[in-house]
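A.B. asks: sequence first, then the predicted structure:
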Amino acid sequence: MIIQLENDLKEQDRQSLINKVKTEGFTITEVNTQVGAYLVCISKNSSDIRKIGSLPGVVDVHIVSDSYKLVSAKWKLTPSSILLDDIQIGGSDFTVMAGPCAIENEAQVDSIAQHLVANGVRIMRGGVFKPRSSPYSFKGLGKEGLVMFYNICKQYDLKIISEVMEADQIEQMYNFVDIFQVGARNSQNFNLLHALGKTDKPVLIKRGTSGTIDELLQSAEYIFSSGNEKLILCERGIRTFENASRNTFDINAIPILKKKSHLPVIADPSHGIGIREHVPAIALAALAAGADGLMYEVHEKPEEALSDGQQTLNFIESTDLLKRIKQLYDLL
């Protein structure tokens, strides 16, 4: 059960309410976010919600049977959306985020930024802290690269999404990103998720490489219950027995996540299939399946990229994909 509280409820009244709910046999977790105040109540016993709903300070009471409560669509029937100034993620808009897998140098960032602006893309992705399977692979430019990335994007009025790998990176990244990204390898790094719950910036969380849909929602619940409800879910493919592609993009996950949760859902076709020529097809399929947005990788010369060039579109391919996205979006 979720009890939605009045935001300006006095501490004395709040504590009185909590004590009354506890007498009904509930274990209570208090959650305070940028948007609202909630009590997440767990009990094996049934209770009359009309009695609880009539208590002073209660805005509404919601019965949620899912193990994940706050990210469930069962209590928040209107889909959530996130605003970055005048950019909306979720709702009726379809949002595109694009950029290189890894930030490499000023010339690379500048050329990609110009490409995105020319094609109406307003959020640039790019990693400066790179979790790599091999210890010998390029691991990013770190904080110095992020500052350079930020300064160039600021000139072009582009928002930034970049991956955070550790809790102690949040503070040093905070002033230079608009959205924190949690990669597939960290989707169950619960210390990191808890720390991101203490921030007031949006967090995009990717599904783990072998993670289930419910595990993704539980990871999002960690962040929400820690205080941050500015969340975006991302389907990026899962590891299966199939080896014809990098991952198996789970198109099923998009409508299922939209049904199970009120959070915006976007797709990452670049990691989803890992083969450049097939990325546009998966991107369009995700839009048709109901995704709220798209994140893909683009580079002026993918064959020279320091990371994931095999799944990265060049500028011609990217421009063509964005035109096809607009055509399909208008049709839908």
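C.D. replies: That came through fine.

A.B. asks: correct me, but residue 139 touches residue 130?
C.D. replies: Yes - using C-beta atoms under 8 Å, residue 139 is in contact with residue 130, at 4.8 Å. All C-beta atoms are positioned from the backbone trio N, CA, C, and that covers glycine.

A.B. asks: so what's in contact with those two at the same time?
C.D. replies: Taking C-beta atoms under 8 Å, 6 or more residues apart in numbering as the contact criterion, residue 139 and residue 130 have no common neighbours.

A.B. asks: how about the contacts made by residue 205?
C.D. replies: So residue 205 contacts 181, 182, 187, 193, 216, 219, 220, 223, 231, 232, 233, 234 (C-beta under 8 Å, 6+ apart).

A.B. asks: that one falls within a strand, correct?
C.D. replies: Yes - assigned with DSSP: H, G, I helix; E, B strand; the rest coil, residue 205 falls within a strand.

A.B. asks: that one bridge partners, please.
C.D. replies: Counting by DSSP bridges, residue 205 is bridged to residue 182, residue 233.

A.B. asks: reduced to three states, what does residue 31 come out as?
C.D. replies: Per three-state DSSP, the local secondary structure of residue 31 is strand.

A.B. asks: and the residue nearest to it when sequence neighbours are not counted, what element?
C.D. replies: The shortest distance from residue 31 to any non-neighbouring residue, by C-beta to C-beta, 6 or more residues apart in numbering, is to residue 38 (4.5 Å). Per DSSP states H and E: residue 38 is located in strand 37-42.

A.B. asks: residue 110 now?
C.D. replies: Using DSSP H and E, residue 110 falls within helix 106-118.

A.B. asks: I'd like the average pLDDT over that helix.
C.D. replies: Regarding helix 106-118, the rounded mean pLDDT is 98.

A.B. asks: can you tell me the strand partners of the helix or strand just after it and which way each runs?
C.D. replies: Scanning forward in sequence from helix 106-118 by DSSP H and E, the next helix or strand is strand 123-125. Sheet pairing of strand 123-125 (DSSP bridges) gives strand 95-99 (parallel), strand 159-163 (parallel).

A.B. asks: skipping adjacent residues, who's closest to residue 119 in space?
C.D. replies: residue 322 (4.9 Å).

A.B. asks: tell me what angle the helix or strand hosting the one you found forms with strand 95-99.
C.D. replies: Per DSSP H and E, residue 322 falls inside helix 315-331. Angle of helix 315-331 versus strand 95-99, following axes from the mean of the first three to the mean of the last three C-alpha atoms, to 10 degrees, is 170 degrees.

A.B. asks: can you give me the buried ones in helix 315-331?
C.D. replies: For helix 315-331, burial by neighbour count (16 or more other C-beta atoms under 10 Å) applies to 315, 317, 318, 321, 322, 325.
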